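*Asks:* 3D, please:
(chains A and B)
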Amino acid sequence: MPLPDWKTTRRGFLGGGAGAAALTAMAVPLHAQSPEPEPLENYAPEYFTAEEWQFVMSATALLIPSGPTPGAIEARVPVFIDLQLASGFGSADDWYMAGPHIADADPLLGWQSPLTPAEIYREGIAAVNAWCEQTHEAPFADLLPQTQQEVMTALSEDEVPLPPELRGLFDLLLQNTKEGFFADPKYGGNHRMAGWTHIGFPGARASFLEWVDKHNVPYPLGPVAISGERG
Amino acid sequence: MARTEPKKDVVIVGLGWTGSIMGIEMAKQGLEVLALERGADRYTVPDFRYPDVIDELKYGVRFGFMQKPRNSTVTIRRTLQETALPYRQLGSFLPGDGVGGAGIHWNGHNWRAMENEFILRSYVEDNFGADIIPEDMTIQDWGVTYAELEPHFDRFEYMLGLSGQAGNVNGQIIEGGNPFEAPRSRDFPLPPLKQTYDATLFADAARAMGYHPFPRPAANASGVWTNEYGMQLGPCNYCGFCERYGCLNYSKASPQTCILDALRRMPNFSYRTNSEVLRVDLAEDRQTATGVTYWDEEAQEEVFQPADIVMLCAYSLHNVHLMLLSGIGEPYNPATGEGVTGKNYAYQMNGGTTLFFKDKLFNPFIGAGANGMSMDDFAINQIDFAAEGFIGGSYITAGVTNGQPIRGIGLPSGTASWGEEWKTAITEWYGHSMSIGSHGSNMAYRDCYLDLDPTYTDRHGRPLMRMTFNWKPNDIRMTQFMRSKIEPIAESMNPDTWQSSYKGEGAQYDVRPYQTTHNVGGAIMGDDPNTSVVNRYLQAWGQHNLFSLGAAAFPQNIQYNPTGVVGALAYWAADAITRDYLPNPRPLV
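*Replies:* So this is what the prediction gives:
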């Protein structure tokens, strides 16, 4: 799938004319100093298998679609999720995971699956792909966009049959996708602060004494990341 | 094989707000004081420094400053019949971890309770008759009055450098403050914080309806402040990363900013981190505590720490857990109503209405922890319980404190939670919504309590504590009453759309969404050893050299955030211990 290279397009526009070099140097944000990371097609996942990676690429692209502004793919949300699952979050390092587990308990009693988030993705993606094979004769990533939309809707409405220990899959995927769109770029997603720019969140600026009582006046500065990168 | 350390005069379990206060007050008396903290040490630098702490994923979402359920958690059930299951990942409440405890990651909402809240059962009986109290409601008087605590509220607030506006100084009502509050002996140490747009709109609307809005009492400094320990605060910069974060700016009152650096300099005070207390050890006759046994994480061994006085200053739930594990007080039995330890666990009944304005921009990322405006026109001392059919009250409030996007972007109900529609909606509505909240009391009930779980254990092999808790009709009626008062205010503000979220009939406790870390009760104070765990000085009825601080002492929950009362009780107990107990150790009642 060709990815819209919105950043390159913008830079091409700015740098298009002769004598525009000085303007380009001023107008290109500070992040131009940091090199573009590996394109997603070449990214070697730390946790996901190739099949799982295809699923996560397709699924996150549905959850936060691309368009005139970046979506999950341009924000590199799949990379964020991969790195999270390879970390202590994926292995539920902070959670109480001792048994016995009553996976089909009332959902109001919270996470009761014996599986870690990484295991939920592994077994959950396999289960969803198996269901897609059964009902549509192809894994999720290979389905037509309209069919993918239907499957995702079914998954969100608990209409894809999953065993109780996997019932948290959709909520986990959606939560992690939004995290990858809005977390500081140091975690691999929110590339070029695309998520923050989309809504007007200034990131790690964290100092607003002079703007508290400027009521109903837009805040003038764009986002900044923990690294100092500016959007 | 347990190692034994040299005896101390005082051993303190947990180094958060109450541990720090008791630590410095006891050390000032010349006693040898040791605090044991199960978490890590924490300093403003490096732990809360800019920009690293401005990390929503790490601290706001993955709970970097909170206790790890793997190390410590509870099991939860809603009814006596249900099987309790572990609170495996944090959701509904977030106990703090490490030096400073929950005192580092609160928002700084610091209130006094109403006079009638300390004598709630008597107040209800005297004014409305005992027969309006539901049969299963086990509310009690505290054994201490507001008038007795007033000097200690005052001292705590001046130690914090509280920002706000008094409404009642020695009975004189002051314009712009809370006219319904209990009398204060003087004004706040610092003037109110600046107000955000949403709070101003709410206050204007409330005033137009004849209500009495006032600035929220904020433990976020509005100016420079030096407290009684020589600790200094600087003015808040409204960074928008207060609750769940340590303060990067030395502005939020915390043990770190208000006490610890002064305390660390005292040669007769010491503390050990990564030292989790496993139990309180009692003398053979069980009439006194001999010290505590803790787990030394570094040495990987149990340590017996003898002491003349033991002070439980852990989070409310952990104080109760330690008492249950150590055989302090008779465990409460919901079938008979007998026993005391674990009795009257209570929470907080909150609700809110969200308003959406296309043409108003709230810049939600700008906020201190406790900026905002509140009103007490429907506070617990303003309501005719007999006429309204419930016991309780709320403060009503508005004031955005953060716009962190992972934690949630308010969208009109019915909006898709993903896909093109969601993506469009978040640009349309981010910064264009505000909320008016109701923060209300929660009564105590016969079957809401804490005991030891029969199945699940912690990493030391100890039974987890079991929480039995559910919402009750009285409190649901209370919050629905608040809804009926808030919605007209919201409508008068002419939003494009608005929606409400209040507990309704039959609501069940849901442990997943964050609600509040105001877990109270279980080691309640009172004037009768048959119905309370500690006396009016927070001294265990059965062991006079054991004190239990914190919100576990609340016999039911007040309508306010608990920290103000927790702090006042700590200074009240410290004063009694200093003046009356140390010269002659004995039961003070």
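*Asks:* any weak-confidence spans in chain B?
*Replies:* B:1 (pLDDT under 70).
*Asks:* Show me which helix runs longest in chain A.
*Replies:* Identified as the longest helix of chain A according to DSSP state H is helix A:117-136.
*Asks:* list the helices and strands that helix packs on?
*Replies:* Counting contacts by 3 or more CB pairs under 8 Å, 6 or more residues apart in numbering or on different chains; DSSP states H and E, helix A:117-136 packs against helix A:50-63, helix A:77-85, helix A:145-156, helix A:169-182. (Glycine included, C-beta is placed from N, CA and C.)
*Asks:* To residue B:586, which of the ones you listed lies closest?
*Replies:* Nearest to residue B:586 among the helices and strands packed on helix A:117-136 is helix A:169-182; the distance by CB to CB comes to 55.3 Å.
*Asks:* Give me the contact list for the closest one.
*Replies:* Here helix A:169-182 makes contact (CB atoms under 8 Å, 6 or more residues apart in numbering or on different chains) with A:59-60, A:63-64, A:72, A:75-81, A:84, A:117, A:120-121, A:124, A:127-128, A:155-156, A:158, A:162, A:187-190, A:194-196, A:198, A:201, B:56-57, B:61, B:405-406, B:417-418.
*Asks:* rerun at 6 Å
*Replies:* A:60, A:63-64, A:72, A:75, A:77, A:80-81, A:117, A:120, A:124, A:155-156, A:189, A:195, B:405-406, B:418 (CB atoms under 6 Å, 6 or more residues apart in numbering or on different chains).
*Asks:* Using CSV, list the CA coordinates for the longest helix of chain A.
*Replies:* The C-alpha coordinates for helix A:117-136 follow below in CSV (Å, rounded to 0.1, in the frame of the first residue of the first chain):
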residue,chain,number,x,y,z
PRO,A,117,-1.2,-8.1,26.7
ALA,A,118,1.4,-9.6,24.4
GLU,A,119,-0.3,-13.0,24.6
ILE,A,120,-3.7,-11.5,24.0
TYR,A,121,-2.4,-10.0,20.7
ARG,A,122,-0.7,-13.3,19.7
GLU,A,123,-3.7,-15.5,20.4
GLY,A,124,-6.3,-12.9,19.5
ILE,A,125,-4.9,-12.0,16.1
ALA,A,126,-4.6,-15.7,15.3
ALA,A,127,-8.3,-16.2,16.3
VAL,A,128,-9.5,-13.2,14.3
ASN,A,129,-7.5,-14.3,11.3
ALA,A,130,-8.9,-17.9,11.6
TRP,A,131,-12.4,-16.4,11.8
CYS,A,132,-11.8,-14.3,8.7
GLU,A,133,-10.5,-17.3,6.8
GLN,A,134,-13.6,-19.2,7.8
THR,A,135,-16.1,-16.5,6.9
HIS,A,136,-14.2,-14.6,4.1
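*Asks:* Now do the buried residues in that helix.
*Replies:* A:117-129, A:131-132, A:136 (16 or more other CB atoms under 10 Å in any protein chain shown).
*Asks:* go on, stretch B:291-305?
*Replies:* Here stretch B:291-305 shows B:291, B:292, B:293, B:294, B:295, B:296, B:297, B:302, B:303, B:305 as buried, counting by 16+ other CB under 10 Å.
*Asks:* Also stretch B:524-540?
*Replies:* For stretch B:524-540, burial by neighbour count (16+ other CB under 10 Å) applies to B:524-526, B:529, B:531-540.
*Asks:* Please name the nearest non-neighbouring residue to the residue most central in space within chain A.
*Replies:* Chain A has residue A:77 as the residue nearest its centroid, 2.6 Å off, counting by CA atoms, centre = their mean. Among residues not flanking residue A:77 along the chain, residue A:180 sits closest, at 3.5 Å (CB to CB, 6 or more residues apart in numbering or on different chains).
*Asks:* Off-centre distance for stretch A:61-71?
*Replies:* 10 Å (CA atoms, centre = their mean, to the nearest Å).
*Asks:* That stretch near chain B anywhere?
*Replies:* Yes - contact of stretch A:61-71 with chain B (CB under 6 Å from any CB of the partner chain) involves A:63, A:64, A:65.
*Asks:* same question for that stretch, mean pLDDT?
*Replies:* Mean pLDDT, stretch A:61-71: 97.
*Asks:* Next, the buried residues of the strand or helix carrying residue B:152.
*Replies:* Residue B:152 belongs to helix B:146-160 when assigned by DSSP states H and E. By neighbour count on 16+ other CB under 10 Å, the buried set for helix B:146-160 is B:146, B:149, B:150, B:152, B:153, B:154, B:155, B:156, B:157, B:158, B:159, B:160.
*Asks:* which bits of chain A sit near chain B?
*Replies:* Contacts of chain A with chain B, taken as CB under 6 Å from any CB, map to A:63-65, A:94-96, A:102, A:105, A:108-112, A:174, A:179, A:182-184, A:187, A:198-199, A:201-202, A:204, A:206-209, A:211-213, A:215-216, A:219, A:226.
*Asks:* Mind jotting down where the helices sit in the stretch 101-250 of chain B?
*Replies:* B:120-128, B:146-160, B:197-208 (DSSP state H, counting those that start in this stretch).
*Asks:* ah, wrong one, I meant chain B
*Replies:* Shown for chain B, the helices assigned by DSSP H span residues B:17-27, B:44-47, B:120-128, B:146-160, B:197-208, B:255, B:261-264, B:316-326, B:385-388, B:419-429, B:473-492, B:563-576.
*Asks:* Of all these, which one comes closest to chain A?
*Replies:* helix B:197-208 (3.9 Å; CB to the nearest CB).
*Asks:* what helices or strands is that closest one leaning on?
*Replies:* The contact analysis (3 or more CB pairs under 6 Å, 6 or more residues apart in numbering or on different chains; DSSP states H and E) places helix B:197-208 against strand B:373-375, strand B:394-398, helix B:473-492.
*Asks:* What are the boundaries of the strands in the stretch 1-150 of chain B?
*Replies:* Secondary structure of the stretch 1-150 of chain B by DSSP state E, counting those that start in this stretch: the strands cover B:3-4, B:8-13, B:33-36, B:74-77, B:85-86.
*Asks:* elements contacting the second one?
*Replies:* When contacts are defined as 3+ CB pairs under 6 Å, 6+ apart, strand B:8-13 packs onto helix B:17-27, strand B:33-36, strand B:301-312.
*Asks:* if we go to 10 Å?
*Replies:* helix B:17-27, strand B:33-36, strand B:269-272, strand B:275-282, strand B:289-296, strand B:301-312, helix B:316-326, strand B:546-548 (3 or more CB pairs under 10 Å, 6 or more residues apart in numbering or on different chains; DSSP states H and E).
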